[in-house]
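Visitor: Please find the sequence and the predicted model below.
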Amino acid sequence: MAVQTVAGNTTSSAPAVDLGPAAALSCRECGERFELGPLFACASCFGPLEVAYDLPTGSPEELRKRIEAGPDNIWRYAPLLPVPADVAEKPNLNPGFTKLVKADNLARELGVTGGLYVKDDSGNPTHSFKDRVVAIAVEAARAFGFTTLSCSSTGNLAGAVGAAAARAGLRSCVFIPHDLEQGKVVMAAVYGGELVGIEGNYDDVNRFCSELIGDPLGEGWGFVNVNLRPYYGEGSKTLAYEICEQLGWRLPDQIVIPIASGSQLTKIDKGFQELIKLGLVEDRPYRIFGAQAEGCSPVSAAFKAGHDVVRPQKPNTIAKSLAIGNPADGPYVLDIARRTGGAVEDVTDEQVVDAIKQLARTEGIFGETAGGVTLGVTKKLIEAGVIDPALTTVVLNTGDGLKTLDAVSATSQATATIKPSLDAFRAAGLVAG
Ligand SMILES: *Cc1c(COP(=O)(O)O)cnc(C)c1O
């Protein structure tokens with residue numbers, strides 16, 4: 001693959017592939033620009049690449065109307081994403097436009113008066129937020145002519161890739177740590193692609209995939225979170241767009257986001273910034289908070305220590321979907337949390353379980369462990385006086401509790417098991433007061 005820089009500061013030289021408004025890749029460190037292609041690191045400084053756009057011109061009202069008239073999925077934001085204009089007509093899983101639930105019962109328990117919302121991404125096609133990022137990566141894979149879709153995964157991504165590849169008619173071969181939850185393994189395998197368990201943790205899986213990309217064995221493979229990572233990451237912006245649109249084209253005051261690699265958090269910030277730049281929302285301050293499990297809290301540890309680099313950890317937590325010990329976007333997360341007046345915090349596995357059950361009990365939403373981490377951290381930061389209960393707050397639930405049943409199965413069982421008789425029922429003492 002030839003690497004060509006786009007000369008100087010011209011932004012609109014026609015790219016070789018049609019990915020809609022995507023104009024080039026640009027280095028997040030040195031700003032150097034590259035032609036759109038399956039690249040992820042800057043040829044000059046090895047910094048991460050991200051998609052640069054020729055964003056729509058014209059009035060915000062026009063753009064808002066165009067978006068509102070679009071389909072009820074992420075493709076309503078196609079003018080702001082690296083996808084061809086006819087993306088909605090292609091075979092894909094059409095994720096997104098999940099519910100933003102006003103969580104009044106939970107708000108009462110937590111003492112939040114400014115409005116508390118749960119953005120519930122368990123409603124996506126494979127029941128996690130990962131369908132958003134994969135949908136964008138599939139378009140890049142098609143544009144670059146890849147025939148096999150792949151990834152290194154902590155579980156949810158493997159299922160999302162398997163399903164999206166099945167729908168798009170691509171082959172898939174995905175890699176996971178060998179000891180994931182049963183629900184994640186089954187969901188990754190059921191779509192019929194190849195699933196490979198690696199004897200090691202996620203960071204070992206990721207290292208293996210990087211080697212595979214550089215080897216002839218991996219030729220023609222699109223790894224959604226490695227060589228297609230700049231495109232993949234853009235899918236997370238749709239969370240920012242949806243939340244603002246669902247709030248009536250308004251930024252939330254505070255948002256709490258789980259951190260695995262940190263990509264999602266950085267791209268939600270990018271999405272907010274784009275909406276401000278386009279005049280779609282009023283430019284006012286917002287605070288971004290990051291959530292980790294104590295057993296894998298490299299970013300939280302760095303935040304609390306005042307460091308701007310992240311020291312890798314060896315993960316040990318029930319929140320396996322967030323168990324990345326060496327998060328690629330860690331330093332950018334620290335920067336965003338500090339710049340917006342937010343914070344990064346962590347909670348114990350016990351607090352994760354409590355939070356999963358509290359969300360289920362108060363709002364009828366059964367989140368996976370990542371959702372427990374996010375709500376757990378929200379509670380902790382409210383109690384610490386860091387999150388302001390008088391402001392509008394959005395908490396992400398990024399996955400479905402059915403995928404991590406083990407986390408709550410010991411404490412979520414039948415209240416009683418009885419003979420089918422009224423006497424037995426009366427004796428069980430369950431008659432409602
Ligand atoms: C992958 C994942 C995240 C966050 O991922 P990032 O790597 O930080 O973008 C959050 N929640 C769930 C359930 C996930 O699967």
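Guide: On my side now, so go ahead.
Visitor: Could you chop this structure up by domain?
Guide: Recorded structural domains for the chain (assignment: automatic domain parsing) are 2-54+130-232, 100-127+236-409.
Visitor: In contact with Pro82, which residues?
Guide: 19-22, 36, 51, 53, 136, 139-140, 231, 234 (C-beta atoms under 8 Å, 6 or more residues apart in numbering). To be clear about C-beta, it is placed using only N, CA and C from the backbone, and glycine gets the same treatment.
Visitor: so which of these comes closest to Leu110?
Guide: Glu234 (32.3 Å; C-beta to C-beta).
Visitor: what's around the closest one, how many residues?
Guide: Around Glu234 there are 28 other residues, counting by other C-beta atoms under 10 Å.
Visitor: Tell me the pLDDT of it.
Guide: If you check Glu234, the pLDDT there is 98.
Visitor: Distance check, the closest residue to Asn316 other than its chain neighbours against the ligand.
Guide: Nearest-residue entry for Asn316: Gly295, 4.3 Å, with adjacent residues in sequence omitted and distances by C-beta to C-beta, 6 or more residues apart in numbering. Between Gly295 and the ligand the distance is 15 Å, computed by C-beta to the nearest ligand atom, to the nearest Å.
Visitor: cool, and Ala163?
Guide: From Ala163 to the ligand the distance is 14 Å (C-beta to the nearest ligand atom).
Visitor: Pretty sure His127 is one of the things that residue touches, is it not?
Guide: No. Ala163 lies out of contact with His127 (C-beta atoms under 8 Å); the separation is 10.1 Å.
Visitor: hang on, the earlier thing: quick one, what contacts the residue nearest to Asn316?
Guide: 315-319, 323, 349.
Visitor: Who wins on neighbours among those?
Guide: Neighbour-wise, the contacts of Gly295 (other C-beta under 10 Å) top out at Ala319, 30 neighbours.
Visitor: which one of the contacts of Pro82 is nearest Gly429?
Guide: Ile136 (53.8 Å).
Visitor: What number of residues are in the vicinity of that closest one?
Guide: Neighbour tally, Ile136, other C-beta under 10 Å: 30.
Visitor: One more: Ala293?
Guide: Considering only other C-beta under 10 Å, Ala293 is surrounded by 30 other residues.
Visitor: can you count the residues close to the residue of the stretch 101-250 of the chain found nearest the ligand?
Guide: In the stretch 101-250 of the chain, the residue that lies nearest the ligand is Asn156 (3.4 Å; C-beta to the nearest ligand atom). Number of residues near Asn156 (other C-beta under 10 Å) recorded here: 30.
Visitor: Enumerate every residue touching the residue nearest to it when sequence neighbours are not counted.
Guide: Take Asn156 and drop its neighbours on the chain: the residue closest to it by C-beta to C-beta, 6+ apart is Ser128, 3.9 Å away. Counting by C-beta under 8 Å, 6+ apart, Ser128 makes contact with 121-122, 156, 159-160, 321, 368, 398-400, 403.
Visitor: So which of those belong to helices?
Guide: Judged by DSSP state H, the contacts of Ser128 include 156, 159-160 as members of helices.
Visitor: Now, the contacts of Pro82 that are in strands?
Guide: Using DSSP state E, the subset of the contacts of Pro82 located in strands is 22, 51, 53.
Visitor: Which single one of those is nearest to Gly31?
Guide: Val51 (13.7 Å).
Visitor: and the closest one, what pLDDT?
Guide: Val51 is given a pLDDT of 97.
Visitor: Ok, the one 3 residues further on next?
Guide: Reading off the per-residue confidence, Asp54 sits at a pLDDT of 92.
Visitor: Leaving out chain neighbours, which residue sits closest to it?
Guide: Here the residue nearest Asp54, using C-beta to C-beta, 6+ apart, is Ala23, at 4.8 Å.
Visitor: Using JSON lines, lay out the ones in helices among the contacts of Ser128 together with pLDDT and distance to Ala88.
Guide: Output for the ones in helices among the contacts of Ser128, formatted as JSON lines (pLDDT from 0 to 100; distance: C-beta to C-beta, whole Å):
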{"residue": "Asn156", "pLDDT": "93", "distance to Ala88": "24"}
{"residue": "Gly159", "pLDDT": "96", "distance to Ala88": "23"}
{"residue": "Ala160", "pLDDT": "97", "distance to Ala88": "19"}
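Visitor: Between these, which sits nearest Ala168?
Guide: For the ones in helices among the contacts of Ser128, the nearest to Ala168 is Ala160 (12.1 Å; C-beta to C-beta).
Visitor: What separation is there between the closest one and Gly262?
Guide: Separation of Ala160 from Gly262 (C-beta to C-beta, to the nearest Å): 18 Å.
Visitor: what about those two, which has more around it?
Guide: Regarding Ala160 and Gly262, a neighbour count based on other C-beta under 10 Å identifies Ala160 as having more, with 33 against 26.
Visitor: Was I right to think the more buried one contacts Ala137?
Guide: No. The pair Ala160 / Ala137 is not scored as a contact, 9.5 Å apart, by C-beta under 8 Å.
Visitor: Pull the contacting residues for Gly399.
Guide: Taking C-beta under 8 Å, 6+ apart as the test, what Gly399 contacts is 121-122, 127-129, 156, 321, 367-371.
Visitor: any bit of stretch 205-213 sitting next to the ligand?
Guide: No. Applying C-beta under 6 Å from any ligand atom, one finds stretch 205-213 out of contact with the ligand, separated by at least 10.9 Å.
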